[in-house]
Structure formats: C-alpha cells, structure tokens
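>>> Based on what follows, work out the 3D shape:
(2 chains)
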Amino acid sequence: MLHYDFMQRAFCAGGIIALIASALGVYLLLRRQALMADMLSHVSLAGVAAGTYFRINPSITGFLVAIIGAIAVEYVRKAYKTYSELSVAIIMVGGLSVSVILMTMNKTINKSFSSYLFGSVVAVNKLELVIMMTAALIAGLFLFLLRKPLYILSFDEESARSSGIPVQWISLGFSIITGMIVAAAMPIVGVLLVSSLIILPAALSVRIAPSFASAILVSMGIGLTGTFTGLTVSYELSTPPGGTIAFILLLFLVTGISVKKMLAFGSKNTNTKQMSVRSVAPQRVTDIE
Amino acid sequence: MLLASLQDVTFGYGDAPCLERANIEVHSGEFIAVTGPNGASKSTLLKLALQLLTPWQGKVTLSQANSEGNKLLVAYVPQQIAAFNSGFPSQVTEFVRSGLYAQSGNWLRKLNSQAKKAADEAMQSMGIWELRNRRIGELSGGQKQRICIARALAMSPDLFVLDEPTTGMDKESRMSFYRLMRDQIDKLGKTVVIVTHNLTEMNDMLDRIITLERREEGGWKCCTTTSCSGHFAPVESLH
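Numbers count the residues shown, from 1 in each chain, chains lettered A, B, ... in the order given. Sure, this is the predicted structure:
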C-alpha cells in the first residue's frame, strides 16, 4: 500500500492534519465553537467554487476564503454575544448560498466538486501537501506558544480579559488558524466530514483525560490512530477515505464512552458494597507546562 | 490610591437602562461588599468597573498600575463560573497554577518552584490540597468555587473582584474565606471587592458596603455606607 506515491502523500498529509486538527478541536469544544469547523468548511467550499469559476487554483481560493470566514465569524460573534452559535449559522448560510450559486453558474465544475465534498486520497497533490504542511506548522507554533493564555481563555473569556490577556487578538488568531486547518484538511476528509476530524477525537479525550495537557495529547493520539486506520481500511475496502475516517473516529468515540461508563458503573458498585471512604490515590501532577 | 472609579455611569442591556448614574470609587487596601436584591445589576457594576462592558454614559477609570508602579493585576471570579464549566477537562493543580500565567513573562517560560509553591499555598489556604489531583468535573459546587478562589489567590493580584464567591460553601468555609480576604488586605495590602448576600456574616470585616437600590423611576442606583463596624449601617444615598 505504501509503495504508491499517492498513499504516501495521503498518510503524510493525513497524519499532519490529524495531529493539529485534534489538538485544535479540544480548544474549539471548550470554547463552545464545535460547529465552527463545519461552518468554515462550507465557507471554504464557496472559495473552491469561486476559484473554479474564475479559473484560479481552487485549493488556494478555498484556503483564503476559509480564513476570511474565520475573521468574519469573530465579528458576527460580537454582535450575538449571548447566542455565539448564531454567528456560525449566519456565516454558514452565506458560504453555502454562494457555493450553490457559483456551482449553478458553472455546470462543468460539479464533477470535481465530489472530491472536495467527500475527500479523496488521490485529490492530495503536491501543492496541497505544501499548503497543509505550512498551515500545520503555523498552527502548531500558535497552539504551542499560546497554550497558557488559550487555556485561561477556554475556561472563561471575561476573567482572561480582566487579567490582562489580549483576548481579542488571540481569539482572532485562533479563528484564522482554525480556517487554515479546515481548508487544509478538506482534501483528506472532504467538506462534509471535516469537522469529524476536529471534533470527534476531542469529544472523546475531554471525557477520558485526567488533565488538560493530557486531553490535548490523547486527542492527538485518537486523531492520528483514527486517520491511519481509516486510510488503511479505505485502501483495503475501496471505500471513500473521508467517510471511512469519520466512521472509525465515531466508533472510537462510542467505544470509549461505553467503556468509561462500564468502568464507572463497576467502580460505583464496588464502592457501594465496601461502604468505605475512598482515599485519593497519589497521582502525578500534569499541567500544560 | 484610587484603583477604579465609576462617574455618573449609566448602562443597560436592552433599550431601558438597568443601572443609572452610578458613582463608586475603589481605593487600595479596602474591603468592599456590593449588595442588593437579585437582578439589581451587581454583576453588571463589577463588569463595568473592570471595563468588560462599555457604559452608555459616564466615565469608568481602571488604574493601569499598582501603588509600586507595576502593572495592576486583577483577579476576577465571575458568578458561578465553575458550575458553568463543570466539564472542563483539567486537574485542580493545573487549574490553580493557571492563575500565575497572567503574570508578566509566564506565558512562554516554565513556572519556577516559587510560583508552584504559591499555587500550593493557595490550595492549602482554601482547604483543597487533598483535591489537587482530581478533575474539576468530579468536584462539588462548593469545591469548584474554592478552586476558583485558589486560582485568584495564586495569581497574587492587587485587586480581587469576586462575584458571589461563597456560593455553595458551608458557613465554616465562608467565615474562613472572609478572614483570609481580610488578611490579604491587612498583611499584603491587597484590595477586595465582593458581591455578597451574606452581609451579616462579614459585616465586621468590611470597610465599606455599596448597596444597589431601586429607583422610583425604574432601574437601579448605587448607594454606599462609609464604615461597617458592628451592625449594618444605614444606607446613605449619594444622589
């Protein structure tokens, strides 16, 4: 399988994006912006449609429009502070409507669209690999260097602002990074499933990880394992890679939560039988240092 | 030294103002309680003072520097913040140490042993040392409140702004918390502004009470008492 060039590229691109997208997902989830990835993928689709219509490389236009969408959502979010998810819906409607209009205007582009909608291993070309690696490098640096203010900001924006953290700038930077990662992940999992790569590993890790630092690492591990497993299954069974990766990640989530519940149920029963006070087991202190 | 002030501040969330012509001053070394009935805009008053909200009218001043000329450090604990983030995947120690990240230079460098000791002491002061390895989500409401206060203590701010911080705490914990805040003022020169409904419990430790009272025309106004020894002093209107 790995002797094919396109599979090597797919594993390389998939691995890089899985690591960054899964880490990003933890922050998105905690900031109650879980649907932002989904929204940006639809906005990015408008960029792809525009690029195809105006005969510019659609990967580049999709990438740029996703970043513009990410900036726009920050401003709309301010207008609807109480209902922050409304900003996501508004921008998503904008992105989808523009995509549909542009697709209808140019009927020849519908075929190439399926690779953007559902993702394709073959769709990852060298330019997209370079874009992905650049986006991942910038996002990785951003998330690593600003991990401490991002932690405070994810817990509560108001207390972060009052303690002197430049919330506005970090939030804007975070949105731009999200736009970049979403656009870069599109060729792998497609527009419709891009949020699965960002949200599903994070959704499981925040339930099982003992600390914030480990939540990030566990999420990255789940994302990477899910992507590699998905790509392998997709190759062996000739199934679409995007859908396969998303399905594997969903299986991980369901299995992980079920196992956790069973363990919690077992431990509850044991405690009830023993009727003893549980002492705190000494653990290693982990933090985002 | 004047740390924060509101001058003739009017603010509202919809069309009608909820707070009108509010005037308050917060000086360093004061222990101030903000009180009033539910919906009296107590939290709004704090947010205005911290410049988290922009007033419709009037002027808000928040000092940029403390009495030593360094950047003014503010620790704000919003109302029931821990309850709203009950699923936050963090260990207690990790969370309390995050209070130190706001201090200058701690973004990029690792926390030194002195900073970690400050976080440990904050946890011990709030009686949560034995919870240090637990996840936030596993704690009770009162314990969650205490870890939020411990984070504020670890930060060692010049100004504590605490919005109903004792919610969910038992009486013994509340009394111990009030004494701790008084010590922060008397021994370390800190300033504390606290929203509370338990005035009778902490009355003899306070320097001043700001009471929000309903205006006859609607909305709320700020009234204040100057001294708080013994019993709840009668409210003297500023308007």
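>>> Tell me how many other residues crowd A:His42.
By other C-beta atoms under 10 Å in any protein chain shown, the residues close to A:His42 number 24. Yep, even glycine has a C-beta here, placed from its N, CA and C like the rest.
>>> can you list the residues of the stretch 101-250 of chain A near chain B?
A:145-146, A:148-149, A:151-152, A:154-156, A:158-159, A:161-165, A:205-207, A:209-213, A:215 (C-beta under 8 Å from any C-beta of the partner chain).
>>> let's go with 6 Å and repeat that
A:148, A:151-152, A:155-156, A:158-159, A:162-164, A:206, A:209, A:211-212, A:215 (C-beta under 6 Å from any C-beta of the partner chain).
>>> Quick check: phi and psi on A:Ala264?
phi -70, psi -40 (degrees, to the nearest 10).
>>> okay, now it: neighbour count?
Around A:Ala264 there are 10 residues (other C-beta under 10 Å).
>>> List the contacts of the closest residue to B:Val161 other than its chain neighbours.
Spatial nearest neighbour of B:Val161, excluding adjacent residues (C-beta to C-beta, 6 or more residues apart in numbering or on different chains): B:Tyr76 at 4.6 Å. Contacts for B:Tyr76 (C-beta atoms under 6 Å, 6 or more residues apart in numbering or on different chains) come out as A:159, A:162, B:50, B:161.
>>> Give me the subset of those residues lying in strands.
Taking DSSP state E as the definition of strands, these contribute B:Val161.
>>> In the contacts of B:Tyr76, which has the lowest confidence score?
Scanning these for pLDDT, the low point is A:Ser159. It has 82.
>>> did I read that right, B:Asn23 in a strand?
Yes - the assignment for B:Asn23 by DSSP: H, G, I helix; E, B strand; the rest coil puts it in a strand.
>>> could you point out which element follows the longest helix seen in chain B?
If you go by DSSP state H, chain B has its longest helix at helix B:171-188. For helix B:171-188, the succeeding helix or strand toward the C-terminus, using DSSP states H and E, is strand B:191-195.
>>> Just give me the neighbour total for A:Val130.
Neighbours of A:Val130 using other C-beta under 10 Å come to 11.
>>> ugh, wrong one, A:Ala202
A count of nearby residues for A:Ala202, using other C-beta under 10 Å, gives 30.
>>> do the same with the one 4 residues further on
Other residues lying near A:Val206 total 22 when counted by other C-beta under 10 Å.
>>> surely A:Ile16 meets A:Ala136?
Yes - with contact defined as C-beta atoms under 6 Å, A:Ile16 reaches A:Ala136; the gap is 4.6 Å.
>>> Tell me which stretches of chain B form helices.
Assigned helices in chain B, in chain order: B:42-49, B:81-84, B:92-97, B:113-125, B:141-155, B:171-188, B:199-202 (criterion: DSSP H).
>>> my bad, should have said chain A
Ranges of helices within chain A are A:5-30, A:36-53, A:58-79, A:84-105, A:110-118, A:126-145, A:147-155, A:157-162, A:167-189, A:194-208, A:212-237, A:241-274, based on DSSP H.
>>> any idea which of those scores lowest on pLDDT?
Mean pLDDT is lowest for helix A:110-118 among the helices of chain A, at a mean of 66.
>>> what residues are up against the residue of the stretch 1-150 of chain A found nearest chain B?
The nearest approach of the stretch 1-150 of chain A to chain B comes at A:Lys148, 4.2 Å away (C-beta to the nearest C-beta). Residues in contact with A:Lys148, defined by C-beta under 6 Å, 6+ apart, are B:101, B:107.
>>> burial of A:Ile170, as a residue count?
Neighbour tally, A:Ile170, other C-beta under 10 Å: 18.
>>> same deal with A:Gly15?
A:Gly15: 16 surrounding residues under other C-beta under 10 Å.
>>> Identify the spatial nearest neighbour of it, chain neighbours not counted.
A:Leu224 is the one closest to A:Gly15 (C-beta to C-beta, 6+ apart), at 6.1 Å.
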